[in-house]
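make a model of this:
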Amino acid sequence: MSMTDKNVLIVDDEPSLRLLIRAVLEDDGWTVHEAISGEEALTMLPNLTLNTALIDMRMGGMDGMTLLKEIHAKIPGLPVIMLTAYGNVSAAVVAMKHGAFDYLTKPADNEELKAVMAKALDYSRLVDENERLKSAVEATEKMIGNSQPMRDVKELIEQAGPSEATILVLGESGTGKELVAEGLHRASHRADKPLIKVNCAALPGDLLESELFGYVKGAFTGAATNKPGRFQLASGGTLFLDEIGEMEQVLQAKILRAIQEKVVEPLGSVAPVETDVRIIAATNRDLKVEVEKGNFREDLYYRLGVLEIRIPPLRERPSDIPALVAHLLEKLGRKNNKKVRSVSPSFLDELSRYGWPGNVRELENVLERAIILSRSEVLGTELLPPQILSSGTSTATPAGETQAETSGLPPKTSSAPLDDAERQALITALEANQDHRERTADALGISRRTLQYKLKKYGLTRR
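Take a look at the predicted model:
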C-alpha cells in the first residue's frame, strides 16, 4: 500500500447515506468502495487494500458489531469507524470498547467526517509503518552477525527498503546477496506482493529472455500457449535479478527499457505490457570494470546503481564467526539428525584464521561435513578439511586440545573480537558451573588442561 493511498470501505444499507458520504470523501481525495451489507463487505475484503472502514451499526442481516469482529479477524489493526443513529450512541461506545476506532452519528457533519477520517488515515499509516519495520527487522535477523560492517548493511536495508529506488547489491559469492534482497522486499511497501527471483547466470540468453518477458502462443516452436514472464508475475512486487553481470548485452538493453518505460514486450508480440515492479539486482562482478571493458552497458549500470549495498566478505568480519557457527550448528544438526553442542576452542581458532574465499556458504559446507563425520557432540580440528588447517601453522589436534599443549609452541593469536568472544564464553561457563573446573571443562567440551591454559591466557585463573 502506498503512503499516498486513501482507501475506505463504506458498509451501509441506505443508498442515500452512502451517496452523501461518497461525495464528501471523494472530494477529500479518498477512493471509496461500497457494500450494502456485512456479508457483501466480507466477500470484498480479500480484493481491497484499505486504510479504514465506515460501517453502520444496524443493518439487515449481519449487524455492525459482528462485522467489526470479522474485519478485525481478517485485517488486524484496521481502524473501523462506526455509524450510528443519534439515539443509539451507547451501542457505538460499546463497539469502541471492542476495538472500533471511533464513531459518528448520522447524518454525519461533513467537517467532523473529514476530521475523523484524517485521524483514521494517520493511524492506518502508523500501523503500516510499524508492520513494515517489524518485517524489516525480522528479515535482517536472518543475516547473522553484529560486526560493524554487518550493522551498516542492516541499517541500509532498513533505510532503503521503503523507497522505490532500484538497488544494486554487490558481494562475493556466498556472502548472502539473496538475503539482502529479501530484507529490502520485506522492508518495502510491496511486502505483501510477490518477490520473484531470477538467476541470470543459470539460463542462456534466449531462455532468459522468455523467462523474464514471457511469450505468446506461436512465438516459437513449442510455444503452445501464452506464458507470462517474471516481470508480469512480480507485478506490484519486487523482481530480483541475481548475477546480472552475466547477462548478454542484447538483453541488457531490453532490461533498461523495462526499467525506464515500465513496459515489456513478450516474445512474439508487438503489444507492450505495462509493468509495476521494483528491481533489485545483484552481482559478484565489479560492474565498473565490466563497463570499461565494454561487457556491461554504462546506462544500465547507472540505472541499476541508484543505491549500492556492498556485503562484506567473511574475512572482513571474523568477529561474526562465533555467532555464525552457533547458528549453523543448530540448523545443520537438525538437518542431519545429529546432536552437536559446540566446537572446540582450537576448532574456532582455525576457522578465524582462514580466508573463506567461499564466504558463509563455504563455512556452512565445512561445518556440515564436520557434523556428518563427528562422533562427538563437540567438533574438533581433526574434522576440518586440509585447506583450512594449512591456512595456519598448526596441524590438526584432537578435540579439546590446543596447539600449545601438543607442540609446546606459543599459542597462535586470533583477532581481538574473537578473543573477546572466547573470554566471555569462558566466564559464562564458569559462572554457570559455580567455578568448578571439571564441570566447566565438560560443559565446554574441552580437557581440563585446555581449560587451565585458556584461563591463564585470559587472566581468569583467580576467580
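
quick check: Val366 vs Pro357, distance?
For Val366, the distance to Pro357 (Cβ to Cβ, to the nearest Å) stands at 12 Å. Heads up, the C-betas are built off the backbone N, CA and C, glycines and all.

how about Leu54, secondary structure?
The local conformation at Leu54, judged by DSSP: H, G, I helix; E, B strand; the rest coil, is strand.

wait, what's in contact with it?
By Cβ atoms under 8 Å, 6 or more residues apart in numbering, the contact list for Leu54 reads Val8, Leu9, Ile10, Val11, Asp12, Ile21, Val80, Ile81, Leu83, Leu104.

okay, these in TSV with distance to Val264 next?
Putting the contacts of Leu54 into TSV (distance: Cβ to Cβ, whole Å) gives the following:
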residue	distance to Val264
Val8	33
Leu9	33
Ile10	37
Val11	39
Asp12	42
Ile21	40
Val80	40
Ile81	41
Leu83	45
Leu104	46
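
which other helices and strands does the biggest helix by length in the chain contact?
Scanning the chain for the helix with the most residues, using DSSP state H, yields helix 110-141. Contacts defined by 3 or more Cβ pairs under 8 Å, 6 or more residues apart in numbering; DSSP states H and E place helix 110-141 against helix 15-27, strand 52-56, strand 80-85, strand 102-106, helix 148-160, helix 177-186.

for Phe240, find the nearest of these.
Closest approach to Phe240 among the helices and strands packed on helix 110-141 is made by helix 177-186 (4.4 Å; Cβ to Cβ).

give me the contact list for the helix or strand harbouring Pro322.
According to DSSP states H and E, Pro322 maps onto helix 321-335. Helix 321-335 is contacted from outside by 144-146, 314, 339-343, 348, 351-352, 360, 363-364, 367-368, 371, 379, 418, 421-422, 425, using Cβ under 8 Å, 6+ apart.

measure the residue lying closest to Pro312 once chain neighbours are set aside to Ala187 for me?
Leaving out its chain neighbours, the residue that sits closest to Pro312 by Cβ to Cβ, 6 or more residues apart in numbering is Pro149, at 3.9 Å. According to Cβ to Cβ, Pro149 and Ala187 sit 19 Å apart.

those two: which is more packed in?
Ala187 (25 against 15; other Cβ atoms under 10 Å).

my guess is the more buried one contacts Glu129, does it?
No. Applying Cβ atoms under 8 Å, one finds Ala187 not in contact with Glu129, separated by 10.8 Å.

one step back: CA atoms only for the helix holding Pro322 - export them in PDB, please.
In PDB, the C-alpha atoms belonging to helix 321-335 read as follows (Å, rounded to 0.1, in the frame of the first residue of the first chain):
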ATOM      1  CA  ILE A 321      32.300 -16.300  13.000                       C
ATOM      2  CA  PRO A 322      31.300 -17.500  16.600                       C
ATOM      3  CA  ALA A 323      27.700 -16.400  16.100                       C
ATOM      4  CA  LEU A 324      27.600 -17.900  12.600                       C
ATOM      5  CA  VAL A 325      29.000 -21.200  13.900                       C
ATOM      6  CA  ALA A 326      26.400 -21.300  16.700                       C
ATOM      7  CA  HIS A 327      23.500 -20.600  14.300                       C
ATOM      8  CA  LEU A 328      24.800 -23.200  11.700                       C
ATOM      9  CA  LEU A 329      25.400 -25.900  14.200                       C
ATOM     10  CA  GLU A 330      21.800 -25.800  15.400                       C
ATOM     11  CA  LYS A 331      20.500 -25.600  11.800                       C
ATOM     12  CA  LEU A 332      22.700 -28.300  10.300                       C
ATOM     13  CA  GLY A 333      22.400 -30.600  13.400                       C
ATOM     14  CA  ARG A 334      18.700 -30.700  12.800                       C
ATOM     15  CA  LYS A 335      19.100 -31.300   9.100                       C
END
